[in-house]
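Peer 1: fold the following.
(one chain, ligands or ions: 2)
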Amino acid sequence: MNISVIGTGSFGTSLSMVLNDNNNRVMMYGRNQDTVLEINQSHTNSQYLKNIDLASDIKATSSLKEAVSHGEVLVLAVPVNAMRSVAAEINQLLKDLSKEVLIVHVAKGLELNTYKRVSEVLEEVFDPEYVSDICVLSGPSHAEEVAEKQPTTVSTASIHSKGAEIIQDVFMTDYFRVYVNNDMVGVEIGGALKNIVALAVGALSGYGFGDNPKAAVITRGLHEIARLGTKLGANPLTFLGLAGMGDLIVTATSQHSRNYRCGQMLAGGLSLEEATEKMGMVVEGVNTTRATYELAEKYDVDMPITKVLYGYLFNDISEDEAFSALMKREKTSESEGLKQLLESQIKNSK
Ligand SMILES: NC(=O)C1=CN([C@@H]2O[C@H](COP(=O)(O)OP(=O)(O)OC[C@H]3O[C@@H](n4cnc5c(N)ncnc54)[C@H](OP(=O)(O)O)[C@@H]3O)[C@@H](O)[C@H]2O)C=CC1
Ligand SMILES: O=C(CO)COP(=O)(O)O
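Peer 2: Ligands and ions are numbered 1, 2, ... in the order given. This next block holds a predicted model:
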């Protein structure tokens, strides 16, 4: 199949390698001319993936029109905050070309201010006449390890049922295994909100905390992700899968994770601006913490870890204040919380 990958960052580049290994004809679109030139001439992308050689079959262009003309499937691999404007440009080109494509996005976050999931943003922007389906691909998949062809498993979901099955076929190789999931809300919420937990656990690591507090934040973090997710219509069981627990493990325990490393840098004394600048790649958890905090307030969902991280990132509360806010909360029951999740599941499935 002809596939265009929009975004020449770390994940767009590693997914292009997967797609090329699966015998698709891949064209990458990047706005940075130097990166495009490097991909075409040296078959590397040294800014985003160190010591990785790309197949010479993978072509890059800085013309969005050329990329949109090429692809039957468009893989949107840009940060959440760029999604709306990039999608609007693509939609105009599809109209001009009178062409229909299948869209899959891989971004993990919520849009600031609207609190929308990426597929909701895309559904708003794309004219249904030109888009057969909108899908998400998400799960435990560090770009660096995908590029090394480490065995990787992800989930895909779509608005209509057909899209996810096509995406499964298009991406599936002997080292990249794709599962279809019918819970679009859960897959997107799991991928977006694990970044909050990864930032928090990264900060714990930076302060020298041990394994007990990290396990506590990961487990209770997953619980609050599931709580908000089910309120938004997700199946709570999705959060036990690749896009939930899987991605949480890979992100909240790994030096590959930009969110985790950002948390470590904050604990090391850098300001939020300094840490994100130093990263040089998108740290989705920052905007997503703000959006999720506001969304949880709106829906009156209890998200203590998100709330504390929000205070730490944006209101300068100290790590001691953060811990005391979490540990001195009112007594509560774990089994009661799990029961409520099950009740939400029954309500959602009616
Ligand atoms: N890295 C990973 O391991 C994974 C990342 N993801 C998700 O994928 C998404 C992209 O992440 P990732 O590739 O890592 O990010 P990077 O920061 O590595 O790259 C982002 C890419 O998007 C491009 N870009 C940014 N804004 C625009 C815009 N307005 N128009 C066109 N291109 C733009 C950047 O261009 P330029 O180079 O010119 O700045 C760059 O090529 C994120 O939501 C992330 O959470 C999902 C799974 C794994
Ligand atoms: O989502 C990821 C792996 O699945 C990558 O996470 P980071 O954005 O924190 O690097």
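
Peer 1: quick check: residue 117 vs residue 292, distance?
Peer 2: Distance of residue 117 to residue 292, computed by C-beta to C-beta, to the nearest Å: 11 Å. C-beta coordinates here come from the backbone N, C-alpha and C atoms, glycine included.

Peer 1: that should have said residue 202, apologies.
Peer 2: In terms of C-beta to C-beta, residue 202 sits 17 Å off from residue 292.

Peer 1: give me the low-pLDDT residue ranges for the stretch 1-150 of the chain?
Peer 2: Counting by pLDDT under 70, the stretch 1-150 of the chain has no low-confidence residues at all.

Peer 1: how about the residues of it by ligand 1?
Peer 2: Contacts of the stretch 1-150 of the chain with ligand 1, taken as C-beta under 6 Å from any ligand atom, map to 7-12, 30-32, 35, 48, 77-80, 82, 85-86, 106-109, 141-143.

Peer 1: ok, 8 Å please
Peer 2: Residues of the stretch 1-150 of the chain lying close to ligand 1 by C-beta under 8 Å from any ligand atom are 6-14, 29-32, 35, 47-48, 77-82, 85-86, 106-109, 138, 141-144, 146.

Peer 1: among those residues, which lie within helices?
Peer 2: Among these, the ones falling in helices (DSSP state H) are 10-14, 35, 80-82, 85-86, 143-144, 146.

Peer 1: just the buried residues from those, in ChimeraX please.
Peer 2: Paste this into ChimeraX to select the buried members of those, with burial taken from 16 or more other C-beta atoms under 10 Å:
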select :10,11,12,13,14,35,80,86,143,144,146
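
Peer 1: quick one: buried residues of stretch 50-63?
Peer 2: Result for stretch 50-63 [16+ other C-beta under 10 Å]: buried residues 52, 54, 58-62.

Peer 1: equivalent analysis for stretch 67-82, please.
Peer 2: So, applying 16+ other C-beta under 10 Å, buried residues of stretch 67-82: 67-80.

Peer 1: and the two most separated of the residues you listed?
Peer 2: 69 and 80 (25.7 Å; C-beta to C-beta).

Peer 1: which stretches of the chain form strands?
Peer 2: Ranges of strands within the chain are 2-6, 25-29, 59-61, 73-76, 101-105, 131-138, 152-158, 176-180, based on DSSP state E.

Peer 1: residue 303: which of these is closest?
Peer 2: With C-beta to C-beta as the measure, strand 131-138 is the member of these nearest residue 303 (20.2 Å).

Peer 1: check which helices and strands that closest one sits against.
Peer 2: strand 101-105, helix 118-125, strand 152-158, helix 161-171, helix 184-207 (3 or more C-beta pairs under 8 Å, 6 or more residues apart in numbering; DSSP states H and E).

Peer 1: check the ones you listed for me and report the most buried one.
Peer 2: helix 184-207 (a mean of 28; mean count of other C-beta atoms under 10 Å).

Peer 1: next up, phi/psi of the spatially most central residue of the chain, please.
Peer 2: The C-alpha lying nearest the average C-alpha coordinate of the chain belongs to residue 108 (C-alpha atoms, centre = their mean; 1.9 Å). Here is the backbone geometry of residue 108 (degrees, to the nearest 10): phi -120, psi 90.

Peer 1: wait, what's in contact with it?
Peer 2: 80, 138, 191-192, 194-195, 247, 284, 288 (C-beta atoms under 8 Å, 6 or more residues apart in numbering).

Peer 1: go with 6 Å
Peer 2: Residues in contact with residue 108, defined by C-beta atoms under 6 Å, 6 or more residues apart in numbering, are 191-192, 284.

Peer 1: any idea which of those residues is closest to residue 151?
Peer 2: residue 191 (19.4 Å).

Peer 1: just checking, the closest one touches residue 243?
Peer 2: Yes - between residue 191 and residue 243 a contact is recorded at 5.4 Å, counting by C-beta atoms under 6 Å.

Peer 1: need the overlap of contacts for these two.
Peer 2: Residues within reach of residue 191 and of residue 243 at once, by C-beta under 6 Å, 6+ apart, are residue 138.
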